[in-house]
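Peer 1: Structure, please.
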Amino acid sequence: MNNLKIFLSLTVVAVLLFTLGCQKEEAPVQAEASEMNTEEMASMEAGYENGFYFAQQADFNERTGWKYMALLTVEDGKISGAVWNGAHVNSGYDKVYRSENDLYGMVENGGAQAPWFEQAARVEQALLDAQDPAAISYDDEGYTDAISGVSVHINEFIELADQALESGPVGRGPYKDGYYHAELEEFSHGWKDYVDVTVVGGYIVAVHWNAYPEEGEMDKYQFAKEGNYGMVENGGAQAGWWEQADRAEAYLLETQDPAAIEYTDDEGHVDTISGVSIHVKELFSLAAEALAQAK
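Peer 2: Sure thing, here's the model as predicted:
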């Protein structure tokens, strides 16, 4: 009987030692798997998809003539680059370029504490630090006291950054960033057409179609806008030249390709742009010429 008890006790001890040994061998593997899953889950929950993000305002501000855009780069799930820029309704250089080259005059003319591009850079850095647009606060007018040295309203950039991240990466556009210009070689009917194009993030963000006068100083756009062209009053057009030019420009901004236009005749009329009865061949041909410099 005693021998049987001893045998059973030894058997129990052996089983326990074997079980504990197996657990010790498996434990590191389980811990490693658990740690890996935690890291992956954290990355999925907190990180953004890698790539280039872009968002811009739908319209130019009627008072200032500017519209803004946000350009973000995400690497390893984190925002690694942020750019706040703007384009003017009359095209030309983008807002960062103008501010860096003393063409904006916010300090000299407006008494600001720092140029626009410097303040924009501080806002961009704040986003890189926060990694979340929602973490940057501003008041109802778009101003913030949370970023030192920033007196400009920041709501446009923060809202666009959030919009870009919500939409996902889109990649850069096909054009090289910059300001491009093309014009006809000769005057026709008293005018010489020209087109200015602004590219930011590889996308066409502003287009301005206008014409130099052969006589006088007022350009065609302003001349028509002030009611001097008489296309509606004398020719029965559905809208003034300047209004139709705006609609044609908006079409190019939407399509992003001056070649994506079909004319109904050799003069350059179209039936694909609502509210436009003027010939628009000058706009699209000159835009193509200007953008040839951006390839």
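
Peer 1: you'd agree Y143 is up against H153?
Peer 2: Yes - between Y143 and H153 there is a contact under Cβ atoms under 8 Å: 5.3 Å. In this view, the C-beta of every residue, glycine as well, is placed from N, C-alpha and C.

Peer 1: Which stretches in the stretch 101-250 of the chain count as helices?
Peer 2: Applying DSSP state H, counting those that start in this stretch to the stretch 101-250 of the chain gives helices spanning 106-110, 116-130, 155-167, 220-225, 241-255.

Peer 1: wait, which of the ones you listed is closest to K67?
Peer 2: Comparison of the helices of the stretch 101-250 of the chain against K67 by Cβ to Cβ identifies helix 155-167 as nearest, at 8.6 Å.

Peer 1: for the closest one, what is the average pLDDT?
Peer 2: The predicted model assigns helix 155-167 a mean pLDDT of 98.

Peer 1: So which elements touch that helix?
Peer 2: Identification of packing neighbours for helix 155-167 by 3 or more Cβ pairs under 8 Å, 6 or more residues apart in numbering; DSSP states H and E yields strand 51-56, strand 66-75, helix 116-130.

Peer 1: List the contacts of the closest residue to T198 other than its chain neighbours.
Peer 2: Excluding the flanking residues, the one nearest T198 by Cβ to Cβ, 6 or more residues apart in numbering is A206, at 3.9 Å. With contacts defined as Cβ atoms under 8 Å, 6 or more residues apart in numbering, A206 is in contact with F60, K67, A87, H88, V89, N90, S91, G92, D196, V197, T198, L253.

Peer 1: Which of these fall within strands?
Peer 2: K67, A87, H88, D196, V197, T198 (DSSP state E).

Peer 1: What count of nearby residues applies to the fifth one?
Peer 2: Neighbours of V197 under the rule other Cβ atoms under 10 Å: 30.

Peer 1: Then R98?
Peer 2: 20.

Peer 1: Same check on A294?
Peer 2: Counted with other Cβ under 10 Å, residues neighbouring A294 total 17.

Peer 1: what's it sitting at in phi/psi?
Peer 2: When quoted as degrees, to the nearest 10, the phi and psi of A294 stand at phi -100, psi 20.

Peer 1: Contact partners for the residue nearest to it when sequence neighbours are not counted?
Peer 2: Here the nearest residue to A294 in space, its sequence neighbours aside, is Y175; by Cβ to Cβ, 6+ apart that works out to 4.1 Å. Contact analysis of Y175 by Cβ under 8 Å, 6+ apart lists V199, G202, Y203, I204, L291, A294, K295.

Peer 1: before we move on, the earlier item: identify, from the contacts of A206, the entry nearest to G81.
Peer 2: Using Cβ to Cβ, the contacts of A206 come closest to G81 at A87, 19.3 Å.

Peer 1: Same list, the helices of the stretch 101-250 of the chain, but as TSV with mean neighbour count and distance to R98 please.
Peer 2: Formatted as TSV, those follow (neighbours: other Cβ atoms under 10 Å; distance: least, Cβ to Cβ, whole Å):
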stretch	mean neighbour count	distance to R98
helix 106-110	12	10
helix 116-130	18	8
helix 155-167	19	17
helix 220-225	19	20
helix 241-255	19	20
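
Peer 1: could those go into CSV alongside distance to H189?
Peer 2: Listed next are the helices of the stretch 101-250 of the chain as CSV, based on distance: least, Cβ to Cβ, whole Å:
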stretch, distance to H189
helix 106-110, 38
helix 116-130, 40
helix 155-167, 41
helix 220-225, 10
helix 241-255, 12
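
Peer 1: Ok, which of the ones you listed comes nearest I147?
Peer 2: Distance to I147, taken as Cβ to Cβ, is lowest for helix 116-130 among the helices of the stretch 101-250 of the chain, at 4.9 Å.

Peer 1: Please pull out the lowest mean pLDDT helix or strand from this structure.
Peer 2: Least confident helix or strand, the chain: helix 2-46 with a mean of 43, by mean pLDDT, DSSP states H and E.

Peer 1: Low-confidence regions, the stretch 101-250 of the chain specifically.
Peer 2: Confidence mapping of the stretch 101-250 of the chain against pLDDT under 70 gives the ranges 110-111.
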